[in-house]
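Participant: What follows is a predicted structure for the sequence shown.
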Amino acid sequence: MNPDPFYFSTFKNNNWPERTRANDYLFQEAFTRLLLLCDLLTKLNFQSHKD
């Protein structure tokens, strides 16, 4: 799972590889959690409509 190219290019151009790696990790972590949250909400929504 990769963040979008625009986000990537903004950090790849600087000379702070450690910071870049940390930012990429934090972004992917947040992005993954957001997807999981959306998935959970969707499932809950479908369950409530079944009744």
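Facilitator: That came in fine, so what should we check first? Residues are numbered from 1 along each chain as shown.
Participant: Helix or strand for residue 43, just tell me which one.
Facilitator: helix 17-50 (DSSP states H and E).
Participant: just checking, what packs against that helix?
Facilitator: helix 5-12 (3 or more CB pairs under 8 Å, 6 or more residues apart in numbering; DSSP states H and E). No exception for glycine: its C-beta is placed from N, CA and C like everyone else's.
Participant: about what we covered before: buried ones in the helix holding residue 43?
Facilitator: The neighbour-count check on helix 17-50 (16 or more other CB atoms under 10 Å) flags 20, 23, 24, 27 as buried.
Participant: Report the two of those residues separated the most.
Facilitator: Pairwise distances across the buried residues of helix 17-50 (CB to CB) peak at 10.4 Å, for the pair 20 and 27.
Participant: Residue 26 and residue 37, how far apart?
Facilitator: From residue 26 across to residue 37, the span is 16 Å (CB to CB, to the nearest Å).
Participant: now do residue 44
Facilitator: 11 Å.
Participant: and if you look at residue 31?
Facilitator: Distance of residue 31 to residue 37, computed by CB to CB: 11 Å.
Participant: One more: residue 25?
Facilitator: 19 Å.
Participant: Over to residue 27?
Facilitator: Taking CB to CB, one finds residue 27 at 16 Å from residue 37.
Participant: got a markdown table for the buried residues of helix 17-50, with pLDDT and distance to residue 49 too?
Facilitator: Listed next are the buried residues of helix 17-50 as a markdown table, based on pLDDT from 0 to 100; distance: CB to CB, whole Å:
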| residue | pLDDT | distance to residue 49 |
| --- | --- | --- |
| 20 | 72 | 43 |
| 23 | 79 | 39 |
| 24 | 82 | 38 |
| 27 | 87 | 33 |
